[in-house]
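In: Sequence and predicted model, in that order:
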Amino acid sequence: MGSKAALGFHSLTDEVTRNLHVEGTLPPWLSGSLIRNGPGAFEIGDVGVEHWFDGLAMLHKFTFGDGGVRYRNRFLRTDAYESARNGAFESGFATGTTTLFERLKSFLIDAPYDNTNIIAERLGGRYLALTETPRWVEFDPDSLTVKDHVQYGGSEPAGNLACAHLRRDPNTGGIVNFETEFGRTSNYHIYSMTSPTERNHICSIPVSEPAYMHSFALTPNYVVLTEFPFVVNPLDLLRPGKQGPFIENFEWKPDRGTRFFVIDRGRGTVVAQPRTEAFFGFHHANAYESGDELVIDLETVPDADAIDTLYLYRLRAGELGVFAGRLERFRLTPDSPGEPYIERELLRDGTALPTVSPEKWGRKYRYVYTQGTDQPMTEWPQEILKIDTETGNVTRFSDGENNFSEPIFVPSPNGEGEDGGVVLTVMLDVSAEHSWLVVLDGESLAERARARIPHAIPFDFHGRFFPELD
Ligand code: CO
């Protein structure tokens, strides 16, 4: 990819609020706000971070209404941001040279690291920016200023490492999540919640070597943790004097295989834990129940080397040539009398950041929207794909060498079927050196509109569309 996509890893300093000029026509029903989260800057002055995942959180808000788009971007003024402004980047995911004990104190224990750059969510009427520590940042959805920190302090079991990818229950509207508690015996704690400060414990799973898991699967009756064999010895993790960034303490142990913990939500128990061959992954695309089977669609990579390939010195030099994602479908039998089985099927090779319609979360569905890449990945994603999981058909959108963010599908309120709606994505124009908001037709991926953003947005992580923020 050479130097062009290095623009996606530059540090942005602008914070702006303005109406964007729209080319094309926005659907008249499109109303609400897309809020995207990701690293806005990787350095301030002479100091910086080493890994893409550690850039300072910046929110980008696109508000649709009356045929126009209003844009606002702002760094979250977190403790991590203030420290960086004062010349000290705090310990992050894969950056740092302080001792591990100090790192853990700041990343996991005392006042955990608050560089919440992964996603924005609404929970109990509050808007939260999340990362993988249990200390969330509440922001004002209009001004994007920080209002508060939110950390669970109740009596239900809680952990040191939190999953940033909350799952919304399609039937109840409630949220399910899990946290990992490190200790002599470690635990995965699975719980539901209706607000950031109230939770109901569902199940805890004791493990001797906890794994790094970035997301999980939820259906009406089950929670599934996909436990990759990328694990840490928790006693090593907590021992004073060890050196190195948080994630570098995890070890790839392929002999363990990958294990699916299937938890019956009603009974609060693990009902199956089948293992299959070792693989790693970050994102579950969707899951649903089908007869006696659980269907879990997950983006996999062969191993945890993917993390090493995302250090900034490599990305900025254009050193990719690594394994891109693979969208795969796993079928499990959670509750059958015989041995549980796992069937594995490749849906699409060369994907990144797969999403589905929010109306289909946890339900039988058909379409996945994702970035598309070559395999192995030699360029940052230059396509948006729509994958029909029933027929295998793939529909594409591309615009020369330009790069895309994660696609977010917004359903039309007119009940036009699963793909009736639009796909929102941010496109980095590598020649003009600024980004565009691009609006694609959900069915055909034809471009319906684009709006010029006044600067180049660094490659970010996740977005969420909030219809109520109009
Ligand atoms: Co993620």
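Out: Looks like it came in fine.
In: Now do the same contact list for Asp470.
Out: Asp470 makes contact with Ser31, Gly32, Ser33, Thr63, Phe64, Gly65, according to Cβ atoms under 8 Å, 6 or more residues apart in numbering. From N, CA and C alone the C-beta is placed, and that goes for glycine too.
In: Could you give the number of residues near the last one?
Out: Neighbourhood size, Gly65 [other Cβ atoms under 10 Å]: 15.
In: measure it to Asn19 for me?
Out: Gly65 is 11 Å from Asn19, where distance means Cβ to Cβ, to the nearest Å.
In: what pairs with the longest strand along the chain, and is each one parallel or antiparallel?
Out: The single longest strand within the chain, with elements called by DSSP state E, is strand 342-355. Each strand that pairs with strand 342-355, with its direction, by DSSP bridges: strand 325-332 (antiparallel), strand 367-372 (antiparallel).
In: Could you give me the buried positions within that strand?
Out: Buried residues in strand 342-355, defined by neighbour count with 16 or more other Cβ atoms under 10 Å: Ile342, Leu347, Arg348, Gly350, Thr351, Ala352, Leu353, Pro354, Thr355.
In: for the residue nearest to the second one when sequence neighbours are not counted, what are its contacts?
Out: Here the nearest residue to Leu347 in space, its sequence neighbours aside, is Leu327; by Cβ to Cβ, 6 or more residues apart in numbering that works out to 4.4 Å. For Leu327, the residues meeting the contact criterion (Cβ under 8 Å, 6+ apart) are 285, 297-299, 346-349, 351, 354, 368, 370, 387.
In: Just give me the closest of those residues to Cys203.
Out: Closest approach between the contacts of Leu327 and Cys203, by Cβ to Cβ: Leu298, at 20.6 Å.
In: Now that the closest one has come up, it's in contact with Phe330, right?
Out: Yes. Under the criterion of Cβ atoms under 8 Å, Leu298 makes contact with Phe330 at 6.5 Å.
In: one step back: what I need now is the strands paired with strand 342-355 written out in TSV, including distance to Thr131 and mean pLDDT for each item.
Out: Formatted as TSV, these follow (distance: least, Cβ to Cβ, whole Å; pLDDT from 0 to 100):
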stretch	distance to Thr131	mean pLDDT
strand 325-332	21	97
strand 367-372	21	98
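In: Where does the prediction get shaky in the protein?
Out: Counting by pLDDT under 70, the chain shows low-confidence ranges at 1-5, 90-91, 95-111, 239-244, 336-339.
In: what about the longest helix in it?
Out: When secondary structure is assigned using DSSP state H, the longest helix within the chain turns out to be helix 79-85.
In: quick one: contacts of that helix?
Out: With Cβ under 8 Å, 6+ apart as the test, helix 79-85 has contacts from Ile44, Val47, Leu56, Ala57, Phe75, Phe89, Glu90, Gly92, Ala111, Tyr113, Asp114, Asn115.
In: Return a ChimeraX selection command for the buried portion of those.
Out: In ChimeraX, selecting the buried portion of those, with burial taken from 16+ other Cβ under 10 Å, looks like this:
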select :44,56,57,75,89,90,92,113,114,115
